[in-house]
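Asker: coordinates only, no sequence provided:
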C-alpha cells in the first residue's frame, strides 16, 4: 500500500511539474490568431535561451485575447526541453563569456579587478576627506663596496682615479654604507576650477660631505650621514599647461638616464600634446638656480621630445622600474658666468662668459612591454649625447680642474691666492688671465634586459665617456700651473655591468662590477675596479 501511495505521489508531482512548465511556456507565447498553428509547434515559439533577442529582462507577456486551446498536449517531452529559466537567461546574457555575474536590472555593474601583478605593491596611502591624498614611499638601501684603489667614497661622482705613482692608487678600500636610503611623500589635492594641485617632498642621507675623502671622522660620515634634499616642489596641472615650482629633475637631458639627471630649484612650464595620438610631443621650458649666484641671471633650459605613445619598455632609474615610451628628445641650456678678475684680492673687476649645452636623448624599447609589471623578456636601450661648455656639473665631470696660481713676480711669501666666486671645474683662466669656459663632450649607452619567464631577474650594461678638448690648452706644458698637470684629467670613462634579482616585490638584491679610468694631462691613465653588492627594501 505504501509503495502504491509513493507511486501515486510521484506521478502527481510529475504531472504538476509538466503543467507548470507548459503554463509558463504558454504565458510567454505571443498572442495568436484563432487559427494558430498546430499545438506541437507552440513550444518552438518560446524564446530560445541560447540567443535571446535583447540582453534586458523579458517584456511582460501581453494579455491574450483568447486562451490557448485546452486540448494542447501538456505531457509531451518538447516543452520539458525548454528550460523553465528564461528569466535567468535574461539575467545572464553573457554567462558563457564572463565568469562573473553582471548586475541585475537597476543595479550598478560590479567592478571586476584584473589579477594584480606579482610585482605590485599596495601604496602606503592616506586619504583625508575629499581634500588630500598622501602617499609615503621610499627605499632602504645598503651597499657593500670594494675598490682596488682609494679613489672614491661610497659614490663615484666626479672624483678622479688615484694615480699609480701615489700610495692611494696602489691599495684598495672596503666600505659599507646606507647613505643612499631615501624616503618621500607625494601629495595630491582636490581639483579646483580644473586645476589639480600636487606636491612631492623627497630626501636621502647622501648630504654635503666629500665623496673622494671620508674626512676626519669615518664614523660620522657613515653612521651619522647628513640629510640631503632630492625633490621639493609643487605642481599645478590642467588640460592646457603644467606649472612646476621647486627643486626636481632638470629639463636638460629629459631625465632620460641616471647620468642625465640633475636637480635644481626651478620654475617650469610644460605641456604634453597629442597624448591620445600614436605620436605625442612634450614641450618644456624652465628658469633655474644659476651655476653661479654672482652671475645675476638664472640658468635657462628648454626641450622638445617626441614619443610613440603605445610603444613602451621597462626601464629602471634609481632602482625603480617604470614604463617608458619610445622617445627621442633634444634639450638645451644657457647660462652666464660673472667671475672675479684673476688678480690678488681685493676684487676690483669681473669677467663675463657664457656657457651652453645641447643634449640629444633617446629611449628605445627594443622588446616592448605593456606596462611596468610586464617585465619578462623586456629589453630597453637608452642613450644620451651631450656637448657644451661650462656645463661640467650637468655631466658629472670636472676633470679635477682648478684655478691656476696667481702670478707672483715679487716672489711674495706666502704667494697671493685667488679667491674664486664660482665653483671649480666650470671655468678657468688661461696663461694670459683670460676667462674661459671648460668644454666637454660625452655620451652614455645603457641597456636593461629582464629575463623570462617571470622578469624577476634583470641584467644591465652601461658605458659612459667624456672628453674635454680645451683642457690641455688651459693647462699647457711648461706653464706656471705645471704642477696641476698631474691633478687634472681631460678624459674619463665608466663601464658597468650589474645583475639584480627581485626576491619579493619589496626586496631586491644585486651585484655590480664597475671599471673607471681617467687620462691625466701628463698621459697617466690609472684605473679602478669596483665590486658592489646592494640590497633594497622598497615601500
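Answerer: In hand now; what should we look at? A quick note: this is a predicted structure, and the numbers were derived from the prediction, not measured. Numbering: from 1, shown residues only.

Asker: please count neighbours and contacts with C-alpha atoms only from this point.
Answerer: Fine.

Asker: pick out the residue nearest the middle of the chain.
Answerer: residue 322 (4.1 Å; Cα atoms, centre = their mean).

Asker: which residues sit in contact with that one?
Answerer: 314, 315, 316, 371, 372 (Cα atoms under 8 Å, 6 or more residues apart in numbering).

Asker: for the first one, list each beta-bridge partner.
Answerer: Just to be clear, that refers to residue 314. Note on residue 314: beta-bridge partners by DSSP bridges are residue 323.

Asker: my guess is it contacts residue 376, does it?
Answerer: No: at 9.6 Å, residue 314 does not count as touching residue 376 under the criterion of Cα atoms under 8 Å.

Asker: which of those two has more residues huddled nearby?
Answerer: residue 314 (28 against 19; other Cα atoms under 10 Å).

Asker: could I get the contacts of residue 322 as TSV with pLDDT and distance to residue 200?
Answerer: Listed next are the contacts of residue 322 as TSV, based on pLDDT from 0 to 100; distance: Cα to Cα, whole Å:
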residue	pLDDT	distance to residue 200
314	95	23
315	94	22
316	91	20
371	92	23
372	92	21
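
Asker: closest to residue 397 among these?
Answerer: If you rank these by distance to residue 397 using Cα to Cα, residue 316 comes first, at 22.8 Å.

Asker: need the pLDDT of the residue nearest to the closest one when sequence neighbours are not counted.
Answerer: Nearest residue to residue 316, sequence neighbours excluded (Cα to Cα, 6 or more residues apart in numbering): residue 322, at 6.1 Å. Residue 322 is assigned a predicted lDDT (pLDDT) of 91.

Asker: separation between residue 322 and residue 378?
Answerer: 12 Å (Cα to Cα, to the nearest Å).

Asker: okay, and the common contacts of the two?
Answerer: Common neighbours of residue 322 and residue 378 (Cα under 8 Å, 6+ apart) are residue 314.

Asker: sorry, back to before: could you measure from the residue nearest to residue 316 over to residue 373?
Answerer: Taken as Cα to Cα, the span from residue 322 to residue 373 is 8 Å.

Asker: ok, residue 207 next?
Answerer: As for residue 207, its distance to residue 373 is 33 Å (criterion: Cα to Cα).

Asker: also residue 220?
Answerer: Taking Cα to Cα, one finds residue 220 at 39 Å from residue 373.

Asker: tell me which of the two has more neighbours.
Answerer: residue 373 (18 against 12).

Asker: in a helix, that's where residue 220 is, yeah?
Answerer: Yes: judged by DSSP: H, G, I helix; E, B strand; the rest coil, residue 220 forms part of a helix.

Asker: rank the helices and strands of the chain by mean pLDDT and give me the bottom one.
Answerer: Lowest mean confidence among the helices and strands of the chain (mean pLDDT, DSSP states H and E): helix 86-91, at a mean of 36.

Asker: which residues touch residue 496?
Answerer: Listed by Cα under 8 Å, 6+ apart, the contact partners of residue 496 are 461, 462, 463, 512, 513, 514, 515.

Asker: not counting residues beside it along the chain, what's closest to it?
Answerer: Residue 496 sits nearest to residue 514 (Cα to Cα, 6+ apart), 4.4 Å away.

Asker: so that neighbour touches residue 533, yeah?
Answerer: No: assessed by Cα under 8 Å, residue 514 is found out of contact with residue 533, at 11.4 Å.

Asker: now the common contact residues for the two.
Answerer: Residues touching both residue 514 and residue 533 (Cα under 8 Å, 6+ apart): none.

Asker: dump the contacts of residue 496 to a markdown table, plus pLDDT and neighbour count.
Answerer: Formatted as a markdown table, the contacts of residue 496 follow (pLDDT from 0 to 100; neighbours: other Cα atoms under 10 Å):
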| residue | pLDDT | neighbour count |
| --- | --- | --- |
| 461 | 97 | 18 |
| 462 | 96 | 18 |
| 463 | 97 | 16 |
| 512 | 97 | 18 |
| 513 | 98 | 16 |
| 514 | 98 | 17 |
| 515 | 98 | 16 |
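
Asker: in strands, which of those appear?
Answerer: With DSSP state E as the criterion, strands contain 461, 462, 463, 512, 513, 514, 515 from among the contacts of residue 496.

Asker: looking at the residues you listed, which is nearest residue 499?
Answerer: Proximity of the ones in strands among the contacts of residue 496 to residue 499 (Cα to Cα) peaks at residue 512, which lies at 6.4 Å.

Asker: for the closest one, list the residues it contacts.
Answerer: By Cα under 8 Å, 6+ apart, the contact set of residue 512 is 496, 497, 498, 499, 531, 532, 533.

Asker: out of these, which is most surrounded?
Answerer: In terms of neighbours by other Cα under 10 Å, those top out with residue 532 at 20 neighbours.

Asker: for that residue, list each beta-bridge partner.
Answerer: The partner residues for residue 532, given DSSP bridges, come to residue 145, residue 512.

Asker: how much space separates it from residue 176?
Answerer: 10 Å.

Asker: please tell me the pLDDT value assigned to the nearest residue to residue 186 once chain neighbours are set aside.
Answerer: Distances taken as Cα to Cα, 6+ apart place residue 200 nearest to residue 186, at 4.5 Å, with adjacent residues excluded. Note for residue 200: predicted pLDDT of 97.

Asker: note down every partner strand of the helix or strand where residue 200 lies and its orientation.
Answerer: Element membership for residue 200, per DSSP states H and E: strand 196-204. Strand pairing for strand 196-204, determined by DSSP bridges: strand 182-189 (antiparallel), strand 228-237 (antiparallel).
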